[in-house]
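A.B. asks: got a sequence here, can you model it:
(chains A and B)
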Number of protein chains: 2
Amino acid sequence: MDNDSSPRISHRPPFVITVGRQFGSGGRELGKALADALGIAYYDKELLVESAKLAGVNPEFFQKKDERFPTFLQGLFSFSMGVTPMCYYTGASSISDDGLYKSISDFLRSVAQEKSFVVVGRSSDYILRDHPRCVNIFVHAPMADCVRRIMGRNDALAADKAEAMARKTNKWRADYYNFFTDKTWGDAKSYDLTLDSSRLQMKDNVELVKAYLRLRGFID
Amino acid sequence: MDNDSSPRISHRPPFVITVGRQFGSGGRELGKALADALGIAYYDKELLVESAKLAGVNPEFFQKKDERFPTFLQGLFSFSMGVTPMCYYTGASSISDDGLYKSISDFLRSVAQEKSFVVVGRSSDYILRDHPRCVNIFVHAPMADCVRRIMGRNDALAADKAEAMARKTNKWRADYYNFFTDKTWGDAKSYDLTLDSSRLQMKDNVELVKAYLRLRGFID
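C.D. replies: Below is the predicted model of the structure:
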């Protein structure tokens, strides 16, 4: 596991931080800031691109698919229920929903043997459940704070639309997580650590997670 | 619990830590250790004793009542549904379930104006929801760890009985919390911070919460 020559934090074995999050809670921002502060890799959309390469499928296809998540999930359910699997055609390559999940899983498990990273979303805590040095975090915030953050990303968006978008996205995330795992999205006991990101500045949320990693013995 | 001349941490205004917890997760142990480490008061069963004094009821009655929680809750539901309230008679004094909840609330709110403390259970996070310096924590652990801790308290208890006791008590706690609050017991978003106590030694769980309090500006 730790016999390659890639640089490590204090030469300790690699660890993974998985971040689940409510839409607009700043979980992605926290994940990125953590990866920067720790000098380790960060995966989010990029995870899909890497998975695509492994699966031999056009990366653009995965990104589009990720945007159309409800269709993806619907396809996945029908596949799992024994109905004809929905397949997506992208010119030369095609892949079923089940294939997409498998390629994400394979990619995450393979990279986790080599290096430390932060990964946001996609039930990665469950995919890496047998990893001995994996920290699972969930980030949430009051709806008003989430709405403010969502509107900050898109000036044209009204508050009621931002809230509707948050509720819908959280529902998709919960459906995805609860389907793929034996745990419940957003339930404290599904995670090692959960936090209300609105209680601290983002830099202090990073400090809190770093304090936790220190106590777990993953960083100095 | 202790008098008004008790020292405050760095003369900062008082704060409150509320601890919700799965049965056997070590939440009470963490709460006590935190109070010790911070040199502040701790309320658990004692909360009821103090409430009893305020309500002018024999303290022993409250402790017994706390042990017979399901009856208490049942009484409370019937009261709230407009059925004749169940009252408990203890010689000279009697009190309804509603009265018990009110006396706990009055006591907590009054003490929170005067000093810092840790309080475990009894939906105290909701009772103190308007307190400007209140940190709400939830502690959980995998069932195997909870069973181990419960058996450690009672050598004669078999593992299956300990697990049944944990599930039943968690159900009561959730029913109580979900009834008295507008939040969901054990759901990450009901709390500022939740943690799986089994991931760290108890002293390090204390350190994590202290790190959090420092970042919130409540202690030095």
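
A.B. asks: can you show me the helices along chain A?
C.D. replies: A:27-38, A:45-55, A:59-67, A:69-80, A:97-112, A:124-127, A:143-153, A:159-180, A:202-216 (DSSP state H).

A.B. asks: starting at the chain centroid, how far to the first one?
C.D. replies: Centroid separation between helix A:27-38 and its chain, computed with Cα atoms, centre = their mean, to the nearest Å, is 12 Å.

A.B. asks: return the alpha-carbon coordinates of it using PDB.
C.D. replies: The C-alpha trace of helix A:27-38 is given here as PDB (Å, rounded to 0.1, in the frame of the first residue of the first chain):
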ATOM      1  CA  GLY A  27     -19.300  20.900   1.400                       C
ATOM      2  CA  ARG A  28     -17.500  21.100  -1.900                       C
ATOM      3  CA  GLU A  29     -15.800  24.300  -0.900                       C
ATOM      4  CA  LEU A  30     -14.700  22.600   2.400                       C
ATOM      5  CA  GLY A  31     -13.500  19.600   0.500                       C
ATOM      6  CA  LYS A  32     -11.400  21.700  -1.900                       C
ATOM      7  CA  ALA A  33     -10.000  23.900   0.900                       C
ATOM      8  CA  LEU A  34      -9.100  20.700   2.900                       C
ATOM      9  CA  ALA A  35      -7.300  19.100  -0.100                       C
ATOM     10  CA  ASP A  36      -5.400  22.400  -0.600                       C
ATOM     11  CA  ALA A  37      -4.500  22.700   3.100                       C
ATOM     12  CA  LEU A  38      -3.300  19.100   3.200                       C
END
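
A.B. asks: coming back round to it: which of the helices of chain A has the lowest mean pLDDT?
C.D. replies: Lowest mean pLDDT within those: helix A:69-80, at a mean of 43.

A.B. asks: was I right about A:Cys146 contacting A:Gly24?
C.D. replies: Yes - proximity of A:Cys146 to A:Gly24 meets the contact threshold set by Cβ atoms under 8 Å, at 3.2 Å. (C-beta placed from N, C-alpha, C; glycine too.)

A.B. asks: need the residues touching each of those two.
C.D. replies: With Cβ atoms under 8 Å, 6 or more residues apart in numbering or on different chains applied, the overlap between the contact sets of A:Cys146 and A:Gly24 consists of A:Ala162, A:Ala166.

A.B. asks: what is the burial count for A:Tyr176?
C.D. replies: A:Tyr176 has 20 neighbours, counted by other Cβ atoms under 10 Å in any protein chain shown.

A.B. asks: quick check: it vs B:Ser110, distance?
C.D. replies: From A:Tyr176 across to B:Ser110, the span is 46 Å (Cβ to Cβ, to the nearest Å).

A.B. asks: and A:Phe218, by the same measure?
C.D. replies: 43 Å.

A.B. asks: who in chain A is up against chain B?
C.D. replies: A:22, A:138, A:140, A:186-189, A:191-196, A:199-200, A:204, A:207-208, A:211-212, A:215-216 (Cβ under 8 Å from any Cβ of the partner chain).

A.B. asks: swap the cut-off to 6 Å and go again
C.D. replies: A:138, A:140, A:186, A:188-189, A:192-196, A:199-200, A:204, A:207-208, A:211-212, A:215 (Cβ under 6 Å from any Cβ of the partner chain).

A.B. asks: how about the contacts made by A:Gly39?
C.D. replies: Listed by Cβ atoms under 6 Å, 6 or more residues apart in numbering or on different chains, A:Gly39 has no contact partners.

A.B. asks: how does chain A divide into domains?
C.D. replies: A:1-40+A:116-220, A:45-114 (automatic domain parsing).

A.B. asks: who does A:Thr18 bridge with?
C.D. replies: A:Val119, A:Asn136 (DSSP bridges).

A.B. asks: okay, it and chain B: tell me how far apart.
C.D. replies: 14 Å (Cβ to the nearest Cβ, to the nearest Å).

A.B. asks: what about A:Asp130, how many neighbours?
C.D. replies: Neighbour number of A:Asp130 under other Cβ under 10 Å is 8.

A.B. asks: that older thread, please identify the deepest-packed of the domains of chain A.
C.D. replies: domain A:1-40+A:116-220 (a mean of 18; mean count of other Cβ atoms under 10 Å in any protein chain shown).

A.B. asks: please tell me how far A:Gly99 sits from A:Lys45.
C.D. replies: Where A:Lys45 is concerned, A:Gly99 sits at a distance of 18 Å (Cβ to Cβ).

A.B. asks: again, but for A:Val139
C.D. replies: Distance from A:Val139 to A:Lys45, by Cβ to Cβ: 18 Å.

A.B. asks: okay if I get the helices of chain A as JSON lines plus distance to A:Val16?
C.D. replies: Formatted as JSON lines, the helices of chain A follow (distance: least, Cβ to Cβ, whole Å):
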{"stretch": "helix A:27-38", "distance to A:Val16": "11"}
{"stretch": "helix A:45-55", "distance to A:Val16": "12"}
{"stretch": "helix A:59-67", "distance to A:Val16": "20"}
{"stretch": "helix A:69-80", "distance to A:Val16": "23"}
{"stretch": "helix A:97-112", "distance to A:Val16": "5"}
{"stretch": "helix A:124-127", "distance to A:Val16": "8"}
{"stretch": "helix A:143-153", "distance to A:Val16": "25"}
{"stretch": "helix A:159-180", "distance to A:Val16": "17"}
{"stretch": "helix A:202-216", "distance to A:Val16": "11"}
